[in-house]
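K.L.:
Quick one, structure for this:
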Amino acid sequence: MGGLIVIVVLILLIGAGIIFLTIGVYNTLVTFRKRYQNAYAQIDVQLRRRHDLIPNLVETVKGYMKHERETLEAVISARTSAIAASQQAARAPGDPRAMQQLGQAEAELTGVLGRLFAVAEAYPDLKADQSMGQLMEELRSTENRIAFARQAFNDAVTLYNTKREVFPNNMIAGSFNFEEAQLLEESPPEVKAAPRVSF
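P.N.:
The predicted structure is shown next:
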């Protein structure tokens, strides 16, 4: 009889240990998931700032570049795509498809902005425009903030993914559908640098 009580107590202790371990791992994974979601929110703020600057830039440029309608339309189209991708990513930070679409849309936007700035070089009056200079400085500043926010997001995603992959967390993560989060990749090398124009 005494041996049976010891076995029952051991089973209860082991069961309680498994329950506490599961609760601890679950709470840790939730905490790290919330961290990368918050880090994405910081990216989203900077992307919105960037997207909000673009209409002002187009309006400033439009008066000088009457014959560059195609370039201006490409900027507006790329901005629209980037906003849609950003909204999708904000609904599901870390989702592989959303992060890939966001990276592609932002790379496209950066590329068309680069083309716009290259075309703007041919307009001396535009280069001298004070509003254009201020918008360029705002865009450069925003690009830097986006880069810092992206790094913070990617660091948070890496920590979360590491936590969910180590043993025994991987077993608990799988049981509670803690999916792997996707990093926000930088733009391809040909367009990843912030547009640089000297006025």
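K.L.:
Sketch out the low-pLDDT regions of the chain for me.
P.N.:
Residues of the chain that meet the criterion pLDDT under 70 lie in 66-67, 127, 186-199.
K.L.:
Now Tyr160: closest residue in space that isn't a chain neighbour?
P.N.:
The shortest distance from Tyr160 to any non-neighbouring residue, by C-beta to C-beta, 6 or more residues apart in numbering, is to Phe32 (4.0 Å). Quick note: C-beta positions are derived from backbone N, CA and C, even for glycine.
K.L.:
no no, Arg49
P.N.:
Nearest to Arg49 is Thr142, by C-beta to C-beta, 6+ apart, at 5.2 Å.
K.L.:
distance between the host helix or strand of that neighbour and the chain's centre?
P.N.:
Here Thr142, judged by DSSP states H and E, is contained in helix 130-165. Its chain's C-alpha centre and that of helix 130-165 lie 8 Å apart, by C-alpha atoms, centre = their mean, to the nearest Å.
K.L.:
which helix is the longest one in this structure?
P.N.:
Counting residues, the longest helix found in the chain (DSSP state H) is helix 2-62.
K.L.:
could you point out which element follows the helix or strand where Ala82 lies?
P.N.:
Following DSSP H and E, one finds Ala82 within helix 69-91. The helix or strand immediately downstream of helix 69-91 is helix 96-120, counting by DSSP H and E.
K.L.:
now that next one and helix 2-62, what's the angle there?
P.N.:
20 degrees (axes from the mean of the first three to the mean of the last three C-alpha atoms, to 10 degrees).
K.L.:
Show me what helix 96-120 is packed up against.
P.N.:
Using 3 or more C-beta pairs under 8 Å, 6 or more residues apart in numbering; DSSP states H and E, the elements in contact with helix 96-120 are helix 2-62, helix 69-91, helix 130-165.
K.L.:
Can you report how many residues neighbour Arg145?
P.N.:
Other residues near Arg145 number 17, with proximity taken as other C-beta atoms under 10 Å.
K.L.:
Apologies, that question was intended for Gly24.
P.N.:
Counted with other C-beta under 10 Å, residues neighbouring Gly24 total 12.
K.L.:
quick thing: my sequence starts at 458, can you match it?
P.N.:
From this message on, residue numbering opens at 458, which makes the last subject Gly481.
K.L.:
before we move on, the earlier item: the residue nearest to Tyr617 and Leu616 touch, don't they?
P.N.:
Yes. The criterion here is C-beta atoms under 8 Å, and Phe489 meets it with Leu616 at 5.8 Å.
K.L.:
Return the distance of the closest residue to Arg548 other than its chain neighbours relative to Thr599.
P.N.:
Residue nearest to Arg548 in three dimensions, not counting chain neighbours: Ala555, with 7.4 Å by C-beta to C-beta, 6+ apart. According to C-beta to C-beta, to the nearest Å, Ala555 and Thr599 sit 21 Å apart.
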